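Asker: One predicted model, sequence on top.
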Amino acid sequence: MTPGLRPARAVGPPLRPATRLSAYAVGRDNNFNLIRLLAALSVLGGHSVAVLGLPSSREFFFDHLGLSLAEMAVDVFFVTSGFLVTASLVNRGDAIAYLWARALRIYPAIWAMLVLTVFVLAPVLTILPLADYFASPKTHDYFLKCATLIGGVRYSLPGVFETNPLPGEFNGSLWTLPIEMRLYLYLAAGWILLALAPSFRVKALSVALPVVAAAYLIVILRGRLFGAPFNVADTRVFMFLYGSTLYLWRDRVPMRPAILVGALALLLVASLDKAAYFTAYVFCLAPLVLHLAYLPKGRIRAFNDWGDCSYGVYIYAFPIQQTLALLFPAMPLAAMIGGSGAITLGVAALSWVLIERRALKLKRDFAAATSRAFNLGLAKIAGVVR
């Protein structure tokens, strides 16, 4: 535009404000880092009741709603994970790059945490002789299972926290990570299986994932409302698939402040009955999370500059809380929440700066090297066949 000239006015009616999720789900200018950190701290707060051995009635949300604060916070994690991970796969269009991004987000930090807790913290706290602790198959099994996240994780280390109100539980938060890793792999497997019809991939996933999500929804509603058998992991899987579905259908998902207010009002009214609340909760949580992620703007977005400490909070909080419960058995609930929260935030910030952020910077290099090796292998195979 020539300096000094005013832009011409658009002809016709003014453009309507964006009212679809697709208009918001672009770039990184959102509130997901803040939401995930608050969710991680909510898990810490919810676990504080258990690690102190307090009655469940002290957990306000579980007592009144039938869902603990930690449960709901974990569901927030799975909604955001399903949404963002599906976006990562679709936007990259490359399973190798996607898998490296997921692996570098999960494994370096958890390996560092395991070294610090299994080989530094636990040896200080165990009631066993150190030789017995390190020689125990239970120690080796815990480290290997938690380091690979294959076939589930282990929760106890020999002689550690055995006299706590929550006896023997070393890091109870890790149970969700194998579920999340499997969901990452299933999503990648679906993408790879559809490699022969790349133009059909997204459409196929847009049909398959909602169908599977609906099946899980039926299972968990029958379980919670009618007593049918179901696994607690089923709700987490549903929330992941719900988040994935909303990303794939983002062109048709409305985004309006009225929906945010309506969802909150519905949950508030439904909270008068536990069954009604759970029903409203499973339908409302994912849209509610996405509205909070994208609609509030302004200074709140500056939180993104602080990095993403939520994963560090999640993987370090439980052993820190159990250590405080061991050392200060008469600690009040407020002191446990505040003290463990402050320590965990400090450790999580170091994890982000020293490990997680640096690992994530390597994802393009690792993906490129893997692709080159893969292509070279294919070329050699083709040469042998000829």
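Answerer: Perfect, I can see it now.

Asker: When you work out contacts or count neighbours from here on, use the C-alpha atoms and nothing else.
Answerer: Fine.

Asker: What does Trp249 show for phi and psi?
Answerer: Here is the backbone geometry of Trp249 (degrees, to the nearest 10): phi -100, psi 20.

Asker: Could you check how many residues crowd around it?
Answerer: 17 (other CA atoms under 10 Å).

Asker: Renumber starting at 42 from here on
Answerer: Fine by me, first position is 42 from now on; the one you just mentioned is Trp290.

Asker: Spatially, and excluding backbone neighbours, which residue is closest to it.
Answerer: Leaving out its chain neighbours, the residue that sits closest to Trp290 by CA to CA, 6 or more residues apart in numbering is Ser247, at 6.9 Å.

Asker: now Phe119
Answerer: Phe119 sits nearest to Phe281 (CA to CA, 6+ apart), 4.7 Å away.

Asker: what do you get for Tyr139?
Answerer: Using CA to CA, 6+ apart, the nearest residue to Tyr139 is Leu130, at 5.6 Å.

Asker: In space, not sequence, find me the middle residue of the chain.
Answerer: Phe118 (3.5 Å; CA atoms, centre = their mean).

Asker: pretty sure that one is touching Leu78, no?
Answerer: No: at 9.6 Å, Phe118 does not count as touching Leu78 under the criterion of CA atoms under 8 Å.

Asker: What about the residue nearest to Tyr139, how many residues nearby?
Answerer: By other CA under 10 Å, 20 other residues sit near Leu130.

Asker: tell me the contacts of it?
Answerer: Residues near Leu130 by CA atoms under 8 Å, 6 or more residues apart in numbering: 136, 139, 229.

Asker: In contact with the residue nearest to Phe119, which residues?
Answerer: 119-124.

Asker: average model confidence for the helix or strand encompassing the residue nearest to Trp290?
Answerer: Using DSSP states H and E, Ser247 falls within helix 242-267. If you average the pLDDT over helix 242-267, you get 95.

Asker: Now it: buried residues?
Answerer: By neighbour count with 16 or more other CA atoms under 10 Å, helix 242-267 contains the buried residues 242-243, 246-247, 250-251, 254, 257-258, 260-262, 265.

Asker: Could you point out which of the contacts of Phe281 is nearest to Ala358?
Answerer: Closest to Ala358 out of the contacts of Phe281 is Phe119 (18.4 Å), distances taken as CA to CA.

Asker: Give me the number of neighbouring residues for the closest one.
Answerer: Residues lying near Phe119 (other CA under 10 Å) number 26.

Asker: now do Arg223
Answerer: The number of residues packed near Arg223 is 15, by other CA under 10 Å.

Asker: how far away is it from Ala414?
Answerer: Noted for Arg223: a distance of 25 Å to Ala414, by CA to CA, to the nearest Å.

Asker: Show me what the helix holding Ser247 packs onto, helices and strands only.
Answerer: Applying 3 or more CA pairs under 8 Å, 6 or more residues apart in numbering; DSSP states H and E, one finds that helix 242-267 contacts helix 273-289, helix 315-335.

Asker: For Leu395, which of the ones you listed is the nearest?
Answerer: Closest to Leu395 of these, according to CA to CA: helix 315-335, at 26.7 Å.

Asker: Any idea how far the closest one is from the middle of the chain?
Answerer: The chain centroid and the centroid of helix 315-335 are separated by 16 Å under CA atoms, centre = their mean, to the nearest Å.

Asker: can you check stretch 147-166 too?
Answerer: Centre-to-centre, stretch 147-166 and its host chain are 20 Å apart (CA atoms, centre = their mean).

Asker: which parts of it are buried?
Answerer: Applying 16+ other CA under 10 Å to stretch 147-166 flags 147-151, 154-155, 158-159, 162-164 as buried.

Asker: Kindly report the same for stretch 201-212.
Answerer: 201-203, 205-207, 209-212.

Asker: again, but for stretch 370-390
Answerer: Neighbour count says stretch 370-390 has 374, 377-378, 381-382, 385-386, 388-390 buried, by 16+ other CA under 10 Å.

Asker: just to revisit the earlier point, just name the closest of the buried residues of stretch 201-212 to Ala343, please.
Answerer: Checking those against Ala343 with CA to CA, the nearest one is Asn212 at 31.9 Å.

Asker: Am I right that the closest one is in contact with Phe359?
Answerer: Yes: using CA under 8 Å, Asn212 is in contact with Phe359, at 5.3 Å.

Asker: close enough to count as contact, Ala304 and Leu331?
Answerer: No: when contacts are counted by CA under 8 Å, Ala304 is not listed as touching Leu331 (11.7 Å).

Asker: Can you pick out the most distant pair from the buried residues of stretch 201-212?
Answerer: Taking every pair in those and measuring CA to CA, the maximum separation is 14.2 Å, between Pro206 and Asn212.

Asker: Surely the residue nearest to the centre of the chain is within a strand?
Answerer: No: read with DSSP: H, G, I helix; E, B strand; the rest coil, Phe118 is helix and lies in no strand.

Asker: residues in contact with the residue lying closest to it once chain neighbours are set aside?
Answerer: Excluding the flanking residues, the one nearest Phe118 by CA to CA, 6+ apart is Arg77, at 6.4 Å. Residues near Arg77 by CA under 8 Å, 6+ apart: 117-118, 121, 351.
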